[in-house]
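# Got a sequence here, can you build the structure:
(4 chains)
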2 protein chains.
Amino acid sequence: MKHERADAARNRTKVLTAAAELFAVKDPRAVTMDDIAKAAGVGRGTLYRRYPDVASIAVALLDEHETALQRDLMSGPPPLGPGAPPAERLAAFYAAMADLLETHGNLALATELGGRRFEIGAYGFWRAHVLSLLREAAIPTPEALADTLLAPLAPEVFKFQRAQGLTLANIKSALSRLAMVVENRPG
Amino acid sequence: MKHERADAARNRTKVLTAAAELFAVKDPRAVTMDDIAKAAGVGRGTLYRRYPDVASIAVALLDEHETALQRDLMSGPPPLGPGAPPAERLAAFYAAMADLLETHGNLALATELGGRRFEIGAYGFWRAHVLSLLREAAIPTPEALADTLLAPLAPEVFKFQRAQGLTLANIKSALSRLAMVVENRPG
DNA sequence: CGATAAATGGACATCGTGTCCGTTTATTTG
DNA sequence: CAAATAAACGGACACGATGTCCATTTATCG
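Here you go, the predicted structure:
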């Protein structure tokens, strides 16, 4: 494929760094395409050329952190990666996601503007991962449970919990209790 | 207190029925104050006089259904009301909420426009209920778990699951498995 | 039947969106 | 190095929704 033009590349990074700054400083849901264009010193048209909306810019920024976790899930050491029992892997996944939300919560929030939560590629990945854990644990009809178990990881939920005064440890603890549902036990 | 003026009362019902119609027909997130005013045959100013935004109209509509459930939770027969063990009460609550979402999902969706999920009074009620069940079950530091257990009841989650082809029964089944986390078991 | 206060409705100013297109700039080619 | 070409740029524009404001209408009371 052809090389990206120099000015294009320069503007891309200007946009991304400016957007990251904005997301970090103010409420991500209040960040507008106009804001980003202004902050990046770029025209509106230039911005829209690459990104159709604010959420997709946030996705681009968050992506790098998410793919790191995704790699660990697929081929990292246990309990995150393969090798540990499903319940432990789920708990480890929860803990890792909580850390991700703690560090990049604002970004994650911006990612879902307009209720796009389920349309984003990452959600499909997390869902597939949880689903495979449920299958490995021989849970019957795991499809519904996968979404159910993913719901508490919604950025809004995490943000709300933190705003309530709950600590990261509190939340992780609640999530690890949740992870116990994949254990088969006497009915 | 003074009586509500006749025309005011008439317009109130015109607004509410028109809004209910709109929410039922089209995507609730696309319903605008303008739409409702037009459909109700009422001016914008009249609408804003009573309701500050679309979400609050949806709240008014949903309220009646929610309060019925809230009454049953507090003083209805078990397992929904007091008397049954916490795990069963939670499962019953989940089932009732799933039914509510199945019937009034669009309304619930409209209720949370602008990410207001946690600011709405109803959420506080559900949270208090779950919290009391967790306390009764002697779960340590139950605060974080309450929000975690409530997260799968987000209207968007339910809607997504249904859109995926999952049945109401599938979802209820997943939720009742979730309810098992309140059972104390050998660690 | 006024008088009074409440209720109404639409015009207005503002803001964000997404598109369109004339202009500028990087890159390629001779 | 200079002209040619294609890509990228940026701001103007039209649109849609919001929330407010206030002149006018309407219900209610004495």
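
# Skip ahead from the top helix by length along chain A and say which helix or strand is next.
Secondary structure assigned by DSSP state H gives helix A:86-111 as the longest helix of chain A. For helix A:86-111, the following helix or strand on the C-terminal side (DSSP states H and E) is helix A:121-136.

# Centre of the chain to that following helix, how far?
13 Å (C-alpha atoms, centre = their mean, to the nearest Å).

# Likewise for stretch A:58-67?
The answer for stretch A:58-67 is 8 Å, by C-alpha atoms, centre = their mean.

# cool, and stretch A:45-60?
Centroid separation for stretch A:45-60 versus its chain: 17 Å, with C-alpha atoms, centre = their mean.

# repeat for stretch A:128-139
Centre to centre, stretch against its chain (C-alpha atoms, centre = their mean), the figure for stretch A:128-139 is 20 Å.

# May I see the buried residues of that stretch?
Judged by neighbour count (16 or more other C-beta atoms under 10 Å in any protein chain shown), stretch A:128-139 contains these buried residues: A:129-134, A:137, A:139. Any C-beta I mention is one placed from the backbone N, CA and C, and that applies to glycine too.

# Show me the residue at the heart of chain A, geometrically.
Taking C-alpha atoms, centre = their mean, the centroid of chain A lies closest to A:A108, which sits 5.4 Å from it.

# contacting residues for it?
A:58, A:62, A:100-101, A:155, A:158 (C-beta atoms under 8 Å, 6 or more residues apart in numbering or on different chains).

# For it, report the pLDDT, please.
A:A108 carries a pLDDT value of 97.

# residues contacting A:A68?
By C-beta under 8 Å, 6+ apart, the contact list for A:A68 is empty.

# roughly how far apart are it and DNA strand D?
Distance, A:A68 to DNA strand D, using C-beta to the nearest atom of the strand, to the nearest Å: 28 Å.

# So what's the predicted local confidence for A:E66?
A:E66 is assigned a predicted lDDT (pLDDT) of 97.

# whoops, I mixed them up, A:M1
In the prediction, the pLDDT value recorded for A:M1 is 62.

# got it, and A:E183?
At A:E183, the predicted lDDT confidence score is 87.

# pretty sure it is touching A:L90, no?
No. Contact criterion C-beta atoms under 8 Å: A:E183 and A:L90 do not qualify, at 9.8 Å.

# list the contacts for A:A95?
Contact analysis of A:A95 by C-beta under 8 Å, 6+ apart lists A:172, A:175-176.

# Leaving out the residues flanking it, which one is nearest to whatever residue of chain A ends up closest to DNA strand D?
Relative to DNA strand D, the nearest point of chain A is A:G43 (1.7 Å; C-beta to the nearest atom of the strand). Leaving aside its sequence neighbours, A:G43 sits nearest to A:A37 (C-beta to C-beta, 6 or more residues apart in numbering or on different chains; 6.4 Å).

# gap between the helix or strand containing the one you found and the chain center?
Take DSSP H and E as the rule and A:A37 turns out to sit in helix A:33-40. Distance of helix A:33-40 from its chain centroid, counting by C-alpha atoms, centre = their mean, is 23 Å.

# Could you confirm whether that helix reaches DNA strand C?
Yes. Residues of helix A:33-40 contacting DNA strand C under C-beta under 7 Å from any atom of the strand: A:33-34.

# Tell me which other helices or strands that helix touches.
helix A:6-25, helix A:44-50, helix A:54-75 (3 or more C-beta pairs under 8 Å, 6 or more residues apart in numbering or on different chains; DSSP states H and E).

# how about the longest one: buried residues?
Read that as helix A:54-75. For helix A:54-75, burial by neighbour count (16+ other C-beta under 10 Å) applies to A:54-62, A:66, A:69-70, A:73.

# How about stretch A:88-104?
By neighbour count on 16+ other C-beta under 10 Å, the buried set for stretch A:88-104 is A:88-98, A:100-101, A:104.

# possible to save those as CSV with pLDDT?
Formatted as CSV, the buried residues of stretch A:88-104 follow (pLDDT from 0 to 100):
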residue, pLDDT
A:E88, 98
A:R89, 98
A:L90, 98
A:A91, 98
A:A92, 98
A:F93, 98
A:Y94, 99
A:A95, 98
A:A96, 98
A:M97, 98
A:A98, 98
A:L100, 98
A:L101, 98
A:H104, 97
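
# Out of those, which comes closest to A:T13?
When these are compared for distance to A:T13 (C-beta to C-beta), A:H104 wins out at 18.7 Å.

# residue contacts, A:A19?
A:31, A:36, A:39-40, A:57-58, A:61 are the contacts of A:A19 under C-beta under 8 Å, 6+ apart.

# same deal with A:A40?
With contact set as C-beta under 8 Å, 6+ apart, A:A40 has these partners: A:11, A:14-15, A:17-19, A:47.

# Tell me the one of these nearest A:F125?
Nearest to A:F125, judged by C-beta to C-beta, of the contacts of A:A40 is A:A19 at 22.8 Å.

# residue contacts, A:Q70?
Contacts of A:Q70 were listed using C-beta under 8 Å, 6+ apart, and they are A:F125.

# List every C-alpha atom in stretch A:103-117, with coordinates, as PDB.
C-alpha atoms of stretch A:103-117 as PDB (Å, rounded to 0.1, in the frame of the first residue of the first chain):
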ATOM      1  CA  THR A 103      -6.500   3.700  34.500                       C
ATOM      2  CA  HIS A 104      -8.500   4.500  31.400                       C
ATOM      3  CA  GLY A 105     -12.000   4.900  32.700                       C
ATOM      4  CA  ASN A 106     -12.600   8.200  31.000                       C
ATOM      5  CA  LEU A 107     -11.500   6.800  27.700                       C
ATOM      6  CA  ALA A 108     -13.700   3.800  28.000                       C
ATOM      7  CA  LEU A 109     -16.600   6.100  28.800                       C
ATOM      8  CA  ALA A 110     -16.000   8.100  25.700                       C
ATOM      9  CA  THR A 111     -15.800   4.900  23.700                       C
ATOM     10  CA  GLU A 112     -19.500   4.300  24.300                       C
ATOM     11  CA  LEU A 113     -21.000   7.600  23.400                       C
ATOM     12  CA  GLY A 114     -24.400   7.200  21.800                       C
ATOM     13  CA  GLY A 115     -25.000   3.800  23.500                       C
ATOM     14  CA  ARG A 116     -22.500   2.000  21.200                       C
ATOM     15  CA  ARG A 117     -21.300  -0.300  23.800                       C
END
